[in-house]
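In: Quick one, structure for this:
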Amino acid sequence: MINLSNPAISILLPFYNTASTLAQCLDSILNQTFTNFELLAINNGSTDDSVAVVVAKMGSDPRLKLLNLEKAGLIPALNLGLQEAKADIIARMDGDDVMHATRLEKQIQYLKQNSNCSLVACKVDLFPKELIKEGYWEYIRWQNSCITAQDIRDEIYWESPLAHPSVTFVKKDVLALGGYRDGAFPEDYDLWLRMNQAGFIMEKLPETLLDWREGSTRLSRNDPRYNREAFDVIRAEFLSQDSRLKQNRPLVVWGAGRSTRLRAKHLLDKGFKLTAWIDVDNNKIGNKVWGAMVHSPQWLKQKEKPFVLSYVTVRGAKEKNRQQLEEMGYKRGLDYLMVG
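Out: Modelled structure (predicted):
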């Protein structure tokens, strides 16, 4: 039953010049099996026919509401949506993606049945297939493997474990953190890191309920807030505050190559001192880097385990490092973390 005065879910759909994909996106939302929602389409200064696409749909569905915002960026649009939303539950969507028909039904059911959970996402699929490169498939395979709250907590410093348009969350929990933050960082990853730091539970349905579109116009392809350096900086900011790094255990970084050292420097510049570096390159073993010795992985076979941050990102190396650490008795989240 549709209740326009008190919807169960408010869907935030900011859009900017997505006329070519917006109709398909809107149809996928308006045809959900769960119907008691409002859809806030937030126009962020579009100059194409996007607004006309929304207006055409509004005539046949009163759940769709158009909000106009002079182009000020994605974050003001999202925060306007949070301010205007009538529901206690917020679902995110982007104007070029496609919801599977049961997404809202399954996500709101999960939140109702798991009152300790603040956010639930879902697995995603990428399209159109011909545009997806191998590296992106690898990222999605990893992201789709982060299902449980523990997975997300332990893997969050590797990369963003959630696709932003796949999440549904409790509005008051996000508002308690100040909503979306604007800055030189990816707004979604920043929010997941803040929620993780605050102890909010984030989980994922083990089902694919969103088709995530790849394309050259995506913000993640064009905005400096989504480049490698931006991720490295914000990752170090939150990692430096993680309680697991404040247990007075010796701290070790796996990876002594130049690129790894530069990424780790963001953390070390916050006052952390390394006991050792770990590397498999015999030419590096025995050297000193910034006052700490470089050792082989065998050095980690100690009764009193140090805490290990594995910064190695070469394809395939992450899992090899994880396997070696586990074989030596190190436990993910307790004795080591993977850092992207």
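In: Just the helices from this protein, written as ranges.
Out: Using DSSP state H, the helices of the chain run over 19-30, 50-58, 74-84, 103-113, 134-145, 149-155, 171-176, 187-198, 219-222, 228-239, 258-268, 317-327.
In: how many other residues sit next to T260?
Out: The burial count assigned to T260 is 20, neighbours taken as other CB atoms under 10 Å. Every residue, glycine included, has its C-beta placed from N, CA and C.
In: which ones are touching the residue lying closest to it once chain neighbours are set aside?
Out: Taking CB to CB, 6 or more residues apart in numbering as the measure, T260 lies nearest to Y311, with 4.5 Å between them; neighbours along the chain are not counted. Remark: with contacts taken as CB atoms under 8 Å, 6 or more residues apart in numbering, Y311 is in contact with V253, W254, G255, T260, R263, A264, V339.
In: how far away is Y311 from L30?
Out: 45 Å (CB to CB, to the nearest Å).
In: just G135 next, same as before
Out: Taken as CB to CB, the span from G135 to L30 is 34 Å.
In: Compare the two (neighbour count), which wins?
Out: Between G135 and L30, counted using other CB under 10 Å, L30 has the larger neighbour count: 17 against 9.
In: ok, back up a step: and which of the contacts of Y311 is nearest D173?
Out: Set against D173, the nearest of the contacts of Y311 by CB to CB is V339 (26.0 Å).
In: what residues are up against that closest one?
Out: For V339, counting by CB under 8 Å, 6+ apart, the contacting residues are Y157, W158, R235, L239, R263, A264, L309, S310, Y311.
In: by how many degrees do the longest strand along the chain and helix 19-30 diverge?
Out: Scanning the chain for the strand with the most residues, using DSSP state E, yields strand 201-213. Using axes from the mean of the first three to the mean of the last three CA atoms, to 10 degrees, one finds that strand 201-213 and helix 19-30 are set 130 degrees apart in direction.
In: Pull strand 201-213 out as CSV, backbone CA atoms only.
Out: As requested, C-alpha coordinates have been extracted for strand 201-213 and formatted as CSV (Å, rounded to 0.1, in the frame of the first residue of the first chain):
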residue,chain,number,x,y,z
ILE,A,201,26.8,-2.2,11.7
MET,A,202,27.0,-2.4,7.9
GLU,A,203,26.1,-5.6,6.1
LYS,A,204,25.4,-6.8,2.6
LEU,A,205,22.8,-9.1,1.1
PRO,A,206,24.5,-12.0,-0.7
GLU,A,207,22.3,-11.4,-3.8
THR,A,208,22.9,-9.3,-6.9
LEU,A,209,20.2,-6.6,-6.8
LEU,A,210,21.8,-3.7,-8.7
ASP,A,211,23.3,-3.3,-12.2
TRP,A,212,26.1,-0.8,-11.9
ARG,A,213,26.8,1.1,-15.1
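In: Could you spell out the sheet neighbours of it, each with its direction?
Out: The partner list of strand 201-213 in its sheet, established with DSSP bridges, is strand 98-99 (antiparallel), strand 117-127 (parallel).
In: will you turn the ones you listed into TSV that also has mean pLDDT, distance to L205 and mean neighbour count?
Out: Shown next, in TSV, are those (pLDDT from 0 to 100; distance: least, CB to CB, whole Å; neighbours: other CB atoms under 10 Å):
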stretch	mean pLDDT	distance to L205	mean neighbour count
strand 98-99	98	13	22
strand 117-127	98	5	21
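In: Need the ones you listed in CSV (columns: distance to W277).
Out: As requested, those are arranged in CSV below (distance: least, CB to CB, whole Å):
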stretch, distance to W277
strand 98-99, 45
strand 117-127, 35
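In: Of the ones you listed, which is nearest D48?
Out: In this view, the strands paired with strand 201-213 are compared for proximity to D48 by CB to CB, and strand 98-99 is the closest at 19.4 Å.
In: residues touching S160, list them.
Out: Applying CB under 8 Å, 6+ apart, the residues near S160 are Q143, P186, D188, Y189, W192.
In: which one of those residues sits closest to R92?
Out: D188 (8.5 Å).
In: Neighbours of the closest one, how many?
Out: Using other CB under 10 Å: D188 sits among 20 other residues.
In: domains of the protein?
Out: Structural domains of the chain, as assigned by automatic domain parsing, span the residue ranges 9-234, 245-338.
In: and among the ones you listed, the most buried is which?
Out: When neighbours are counted by mean count of other CB atoms under 10 Å, the highest per-stretch mean among the domains of the chain falls to domain 9-234, a mean of 18.
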